[in-house]
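*Asks:* after the sequence you'll find the predicted model.
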Amino acid sequence: MRTIVIYYSKSGNTKSVAERIARAMDADIDEIVEAGKRGGNVRSALDAIFKRRPALKPFGRSLDDYDLVFIGTPIWRMNAVPAMQVFLSAQQWDSKRVALFCTMGGIGDKRAFATMRRLLAGARVIGELPLDAPALKDDDTVDSRVSAWIADVKASCEQDAM
């Protein structure tokens, strides 16, 4: 099963989780990158509040080449980051199997996952993994939660194959 992990990360937390998933799944990995320079935390929060849509650097892969797509985003202002929302809305997701993960300081995963599901029209979302600040501070916790979640995602894929 061809798998890719696609993520956006500013502080490195989401990147770290994405890399763990890619290693465990023997998957390709690619980062969503804004075309312009990302400002500091205040600018990022304002972009999220005012729903500014940043321009993105071209994404060099075709999702048609993959059977399973993991998508990861940090949470800003209780939602998926604007860059990830732009990326998701620009792709065709019909019948694609997708697993979502997010990193956050405290809350916002439910709203972020709802937003992402809406933008993934036609996709089959087979799992969601939220990781908050306390979990992200402990590598063993992250590893065990990611491993358990990946096992669930694989089981869902196996059921689809039957």
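*Replies:* In hand now; what should we look at? These figures come from a predicted structure and were not determined experimentally.
*Asks:* wait, Ala99 touches Leu120, no?
*Replies:* No: look at Ala99 against Leu120 with Cβ atoms under 8 Å: they stay out of range, at 10.9 Å. Bear in mind the C-beta positions are built from the backbone N, C-alpha and C, glycine included.
*Asks:* so the two - more neighbours on which side?
*Replies:* Ala99 (26 against 20; other Cβ atoms under 10 Å).
*Asks:* quick check, pLDDT for the more buried one.
*Replies:* Ala99 carries a pLDDT value of 98.
*Asks:* what about it, which SS state?
*Replies:* Assigned with DSSP: H, G, I helix; E, B strand; the rest coil, Ala99 falls in the strand class.
*Asks:* quick one, what contacts it?
*Replies:* 68-71, 125-129, 149, 153 (Cβ atoms under 8 Å, 6 or more residues apart in numbering).
*Asks:* the helix or strand Thr73 falls within pairs with which strands, parallel or anti?
*Replies:* With secondary structure defined by DSSP states H and E, Thr73 is part of strand 68-76. Using DSSP bridges, the strands paired with strand 68-76 in its sheet are strand 3-7 (parallel), strand 79-80 (antiparallel), strand 97-104 (parallel).
*Asks:* so Ala123 makes contact with Lys96?
*Replies:* Yes: between Ala123 and Lys96 there is a contact at 4.8 Å, judged by Cβ under 8 Å.
*Asks:* higher neighbour count, those two?
*Replies:* Neighbour totals were compared for Ala123 and Lys96, and Ala123 leads with 22 against 18 (other Cβ under 10 Å).
*Asks:* could you measure from Ala135 over to Cys102?
*Replies:* Separation of Ala135 from Cys102 (Cβ to Cβ, to the nearest Å) stands at 12 Å.
*Asks:* okay, those two: which has more neighbours?
*Replies:* For Ala135 and Cys102, the more surrounded residue by other Cβ under 10 Å is Cys102, and the numbers stand at 27 against 16.
*Asks:* contacting residues around the more buried one?
*Replies:* So Cys102 contacts 14, 72-75, 80, 108-109, 112-113, 129-131 (Cβ under 8 Å, 6+ apart).
*Asks:* of the residues you listed, which is the nearest to Asp30?
*Replies:* Asp30 has its nearest neighbour among these in Gly72, at 11.0 Å by Cβ to Cβ.
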